[in-house]
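[1] quick one: sequence plus predicted model below, questions after.
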Amino acid sequence: MVSKHEQLYNQLCQHARETAMLSATESILGWDERTMLPPEAAEYRAEQMTLLAGMIHQRRTDSRLGDWLGELATSPLAADPHSDSGTTIRQLKREFDKRVKLPQSLVEELTRTASLGQHVWQQARANDDFASFEPLLAKTFELKRAQAEALGYDKNPYDALLDDFEPGESTANVARVLSDLREALVPLVSAIAGSSRRPDVSILARRYPLEMQQGFARDAAAQIGFDFCRGRLDVTAHPFCTGLGPHDCRITTRFDENFFNSAFFGTLHEAGHGIYDQGLRTELYGLPPAEAVSLGIHESQSRMWENLVGRSRAFWDHFYPTAQQSFPDALSAERLDRFYFAVNDVRPSLIRVEADEATYNLHILIRFELEQALLTDDLQVADLPAAWNDKYSKYLGIRPGNDADGVLQDIHWAAGLVGYFPTYSLGNLYASQFFAQAERDLGSLSSQFARGEFQPLGDWLRKNIHTHGQRYSAAELVQRITGKTLSHAPLIAHLRNKLAPLYGLN
Ligand code: ZN
């Protein structure tokens with residue numbers, strides 16, 4: 001006999017799976033839009049996607065969901081919060097309760113402003129004209145304040161927004177970890193900037209034929225564990241990873257014939273995201289136990305393969321001979337030492353997306369501090385460019401010459417994404433802390449990488465992180481896996497261990 005609660009639970013799961021099916025369909029349209037769509041088709045595609053987004057929103061705010069979840073939350077099926085049913089009920093309820101707190105008019109206003117904002121931002125950036133973007137940005141932060149108020153928060157309105165990207169995380173905790181990180185990172189970056197040793201980065205700007213890059217990147221993605229029977233690698237302008245179903249993960253990259261890094265490390269990064277998606281449980285596709293836990297944890301997977309693995313000496317001990325064969329003009333006469341130093345070039349720069357592994361986190365810290373100040377009205381939007389430039393001087397020792405290379409460089413705020421930036425640094429922090437633990441559990445990872453063995457780390461990640469989906473929060477995962485709360489120390493140790501010998505620091 002199926003109990004009443006079980007019947008209700010099955011109904012709930014069926015509903016969630018169908019919503020996921022619609023959502024995956026929307027993702028197919030989105031993937032196609034960003035990789036294949038002819039320009040004239042954009043308008044109709046936007047209509048298709050708006051229609052689907054509306055249907056999905058309607059399903060997610062369906063009042064029956066509230067009734068089912070209300071009843072199931074106190075049922076035996078929810079008693080163990082870490083069981084599949086407990087996780088499903090808790091997480092769906094959490095999402096539903098958040099959604100219904102937002103008035104329809106605010107949701108529409110946020111959507112409209114974000115869509116207009118991206119358009120205005122694009123123009124403003126092209127013309128280096130912050131003033132033309134200022135009113136929209138002010139409006140965006142006003143709406144984000146309203147959103148935080150509607151959602152509710154304990155101490156800081158930023159908590160309510162952060163929760164969308166890093167569920168359960170608190171502003172105070174992120175601020176604590178990032179400020180510890182800053183204290184250690186600013187002197188390290190400045191010591192590197194003052195070092196007389198410099199890699200010859202022109203090695204990476206030689207000619208790397210596109211077809212060979214394609215093959216080399218694809219082969220590396222496969223070797224680290226991306227399953228091409230359940231995914232594809234395609235070309236796009238702004239690389240991303242998207243899931244189109246339980247056995248269909250799409251990663252993308254872009255190629256530059258005269259710069260090795262963008263396609264290769266971009267592919268490792270997206271493959272890292274893809275390996276996480278491919279490690280989620282397929283039989284529960286569309287339900288929270290088979291969904292990624294947070295953006296920060298997702299990013300930890302991409303950063304781990306891109307930086308901790310892909311920029312390690314051992315990785316290149318294994319891959320460099322193939323690289324030399326693939327790119328004989330560029331590399332056949334080049335020493336591995338010099339190539340390895342070049343891919344680990346660290347220098348303060350103005351543009352976040354081009355920043356290296358070490359300075360990247362300072363770019364994030366600046367945005368994290370500024371968006372909090374804007375949200376709480378401690379900083380006026382009109383004063384933002386000056387505040388931005390001052391922080392770049394202070395943390396990175398360089399000052400943008402214009403707003404296009406300064407405050408106008410990112411799309412996030414224009415798109416209404418406030419509270420998103422810290423997840424990038426959280427990703428770096430989680431990655432280092434997980435990696436250090438994997439090394440304790442699995443023995444020397446570098447000797448494995450040098451032999452081309454990436455599966456032990458892949459299996460470890462799948463077992464400890466991927467298969468749990470949303471069973472544990474990000475903070476719980478870190479605690480369970482490493483026995484500690486999140487700390488800046490493993491990331492700093494990783495950077496120091498790698499960079500001090502390269503740059504001759506003591
Ligand atoms: Zn990423």
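    Okay, I see it. Quantities reported herein were computed from a predicted structural model and do not represent experimental measurements. Residues are numbered from 1 along each chain as shown.
[2] for the stretch 101-250 of the chain, just list every one of the helices.
    Here the stretch 101-250 of the chain has its helices, by DSSP state H, counting those that start in this stretch, at 104-126, 130-151, 157-162, 171-193, 210-224.
[3] pull the contacting residues for the closest residue to residue 144 other than its chain neighbours.
    Spatial nearest neighbour of residue 144, chain neighbours left out: residue 418 (4.8 Å); criterion: C-beta to C-beta, 6 or more residues apart in numbering. C-beta: built from backbone N, CA, C; applies to glycine. By C-beta atoms under 8 Å, 6 or more residues apart in numbering, the contact list for residue 418 reads 140-141, 144, 161, 371, 375, 412.
[4] just residue 129 next, same as before
    123, 403.
[5] ok, so of the contacts of residue 418, who is nearest the ion?
    Distance to the ion, by C-beta to the ion, is smallest for residue 412 among the contacts of residue 418, at 13.2 Å.
[6] that closest one reaches residue 421, doesn't it?
    Yes - with contact defined as C-beta atoms under 8 Å, residue 412 and residue 421 form a contacting pair (6.5 Å).
[7] give me the common contacts of those two.
    residue 367.
[8] between these two, which one's more packed in?
    A direct count of neighbours by other C-beta atoms under 10 Å for residue 412 and residue 421 places residue 421 higher, at 24 against 16.
[9] number of nearby residues for the nearest residue to residue 456 once chain neighbours are set aside?
    Using C-beta to C-beta, 6+ apart and skipping residues adjacent in sequence, the residue nearest residue 456 is residue 442, 5.2 Å away. Per other C-beta under 10 Å, the neighbour tally for residue 442 reads 13.
[10] residues from the protein in reach of the ion?
    Residues of the chain lying close to the ion by C-beta under 5 Å from the ion are 299, 302.
[11] domain ranges for the chain, per the record?
    4-135, 171-503 (automatic domain parsing).
[12] element containing the residue nearest to residue 144?
    Counting by DSSP states H and E, no helix or strand carries residue 418.
[13] likewise residue 30?
    helix 4-35.
[14] flag every buried residue along that helix.
    5, 8-9, 12-13, 15-16, 19-20, 22-27, 29-31, 33-35 (16 or more other C-beta atoms under 10 Å).
[15] center of the chain - which residue?
    residue 299 (3.8 Å; C-alpha atoms, centre = their mean).
[16] excluding chain neighbours, what is closest to residue 402?
    Counting by C-beta to C-beta, 6+ apart, residue 402 lies nearest to residue 128, which is 4.9 Å off, once chain neighbours are set aside.
[17] the one you found: neighbouring residues, count only.
    13.
[18] looking at it, it is touching residue 401, isn't it?
    No - the criterion here is C-beta under 8 Å, and residue 128 misses it with residue 401 at 9.7 Å.
[19] what distance do you get for the closest residue to residue 280 other than its chain neighbours to residue 397?
    Nearest non-adjacent residue to residue 280, counting by C-beta to C-beta, 6+ apart: residue 290, 4.8 Å away. Counting by C-beta to C-beta, to the nearest Å, the gap from residue 290 to residue 397 is 45 Å.
[20] give me the more crowded residue out of those two.
    Per other C-beta under 10 Å, whichever of residue 290 and residue 397 has more neighbours is residue 290, with 24 against 14.
[21] residue 157: which of the domains of the chain is closest?
    Distance to residue 157, taken as C-beta to C-beta, is lowest for domain 171-503 among the domains of the chain, at 5.7 Å.
[22] the stretch 351-500 of the chain: helices as residue ranges?
    Counting by DSSP H, counting those that start in this stretch, the stretch 351-500 of the chain has helices at residues 360-375, 384-391, 422-442, 445-450, 455-464, 474-482, 489-503.
[23] residue contacts, residue 152?
    101, 160.
[24] report pLDDT for residue 49.
    At residue 49, the model reports a pLDDT of 89.
[25] ok, how many other residues are close to the closest residue in space to the residue nearest to the centre of the chain that isn't next to it in sequence?
    Distances taken as C-beta to C-beta, 6+ apart place residue 427 nearest to residue 299, at 2.6 Å, with adjacent residues excluded. Neighbour count for residue 427, taken as other C-beta under 10 Å: 24.
[26] these two touch, right, residue 427 and residue 305?
    No - using C-beta under 8 Å as the test, residue 427 is too far from residue 305 to be in contact (11.6 Å).
[27] which of the helices or strands spans whichever residue of the stretch 151-300 of the chain sits closest to the ion?
    Residue nearest to the ion within the stretch 151-300 of the chain: residue 299 (5.0 Å; C-beta to the ion). Here residue 299 sits within helix 295-303, counting by DSSP H and E.
[28] ok, residues contacting stretch 458-470?
    By C-beta under 8 Å, 6+ apart, stretch 458-470 touches 87, 91, 224-225, 275-276, 279-281, 284, 288-293, 297, 301, 304, 434, 438, 441-442, 477, 481.
[29] contact partners for the residue of the stretch 201-350 of the chain found nearest the ion?
    As assessed by C-beta to the ion, the ion sits closest to residue 302 within the stretch 201-350 of the chain, at 4.2 Å. Going by C-beta under 8 Å, 6+ apart, residue 302 touches 241, 269-273, 276, 427.
[30] and what of residue 140?
    Here residue 140 is in contact with 113-114, 117, 413-414, 416, 418 (C-beta under 8 Å, 6+ apart).
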